[in-house]
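Asks: From the sequence below, what's the structure:
(one chain, ligands or ions: 1)
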Amino acid sequence: MLPLALRPPGRRALRVTCLGAHSDDIEIGCGGTLLALQAQGIKLEVRWVVLTAAGARATEARRGAARFLKGAQRAEVTLGAFRDGFLPFDGAAVKEFIEAHRRSGDEPDVVFTHFRHDRHQDHRLLSDLAWNTYRDQVVLEYEIPKWDGDLAVPNAFVPLPTAIAKRKVRHLQAVFATQRSKRWFTDETFMGLMRLRGIECGATDGYAEAFHARKLRLV
Ligand SMILES: [Zn+2]
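Replies: Predicted structure coming up:
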C-alpha cells in the first residue's frame, strides 16, 4: 500500500488543530497519532481546543495536552466552558468560538475532529463546525468507542508501534480520573480498538488509530 505521509510542507513544523468536545476526546481519538508523529521526529505546532472543560475537567484537559504534546515544538491549549451534553443548544456561541479561534492563529495543515456520524450530540456538532470552518485543510475525523455503538468503517489509518499504543493508554488512565469509574474506560477498550484497526491496515506491530478522511486533494 502506498503510504501518504502526514508531513509538514517545507522546513516549518506541521500545524495541527485538534478539536474535542470533552476533555478526553482528542487523546482517545488521535493521541496515539500525535505521539507517533513526535516519536518520528516530526515537528508539530499544535492548537488543542476542548469545548466543555470546566472545573476538574479543565485540569484534566491541560494535563492531557501536556502529556500527549511533550515533544511538540509549540502547544497551545484553549478551553471552552460550554455545558457538557448541551453543545447543539449553544450552537451559535460554539460556532463563534470555533471561528474566533481559527482567526486567532496560523492556519493549520491538518484538523482532527469528531466523526460526522458520531451519535453524541456534542461530538456531531463539532464535526459539522469543523467542516464549516476549515476549507483548505486536511480534516481527519477520529473515532470514540462508546455505549451508542456508532463506530463505522474508517478509511485512513496511522499504524502505531506497540510501545506508542501502550503509552497512549497509560496516559489516558493517568490523566482522566473522572472517567475511571466508567465501565467502558478500560485498557482493553482502547487497546482492542487499536488492535482491530491495526489488523485492518496491516500494521507491522498490529496497532493503529483510524480516521474518516472524507475529502483529500492529491497532487
Ligand atoms: Zn466526548
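Asks: So what sits opposite residue 74 in the bridge?
Replies: Beta-bridge pairing for residue 74 (DSSP bridges): residue 45.
Asks: is it true that it touches residue 48?
Replies: No. Counting by Cβ atoms under 8 Å, residue 74 stays clear of residue 48, with 10.7 Å between them. Glycine gets a C-beta too; all of them are placed from N, C-alpha and C.
Asks: The two: which has the busier surroundings?
Replies: Neighbour count, other Cβ atoms under 10 Å: between residue 74 and residue 48, residue 48 has more, with 26 against 14.
Asks: Report the separation between that one and residue 70.
Replies: Residue 48 sits 13 Å away from residue 70, going by Cβ to Cβ, to the nearest Å.
Asks: for residue 7, same thing?
Replies: Plainly put, residue 7 is 20 Å away from residue 70 if you go by Cβ to Cβ.
Asks: ditto for residue 205
Replies: Residue 205 sits 21 Å away from residue 70, taking Cβ to Cβ as the criterion.
Asks: Give me the more crowded residue out of these two.
Replies: Neighbour count, other Cβ under 10 Å: between residue 205 and residue 70, residue 205 has more, with 15 against 12.
Asks: Residue 162 is in contact with the more buried one, correct?
Replies: Yes. The pair residue 205 and residue 162 passes the contact test of Cβ under 8 Å, sitting 4.6 Å apart.
Asks: The protein: strands as residue ranges?
Replies: For the chain, the strands defined by DSSP state E cover 14-20, 44-50, 74-79, 110-114, 138-142, 156-160, 207-212.
Asks: Can you get me a residue count around whichever residue of the chain sits closest to the ion?
Replies: In the chain, the residue that lies nearest the ion is residue 22 (3.5 Å; Cβ to the ion). By the measure other Cβ under 10 Å, the count of residues near residue 22 is 25.
Asks: Which residues are in contact with it?
Replies: 50, 51, 52, 53, 57, 84, 122 (Cβ atoms under 8 Å, 6 or more residues apart in numbering).
Asks: Just the pLDDT at residue 6, thanks.
Replies: At residue 6, the pLDDT value in this model is 92.
Asks: same deal with residue 178?
Replies: With respect to pLDDT, residue 178 has a value of 86.
Asks: Isn't it up against residue 59?
Replies: No. Under the criterion of Cβ under 8 Å, residue 178 makes no contact with residue 59, lying 9.5 Å away.
Asks: Give the residues shared as contacts by these two.
Replies: Residues touching both residue 178 and residue 59 (Cβ under 8 Å, 6+ apart): none.
Asks: Thank you, goodbye.
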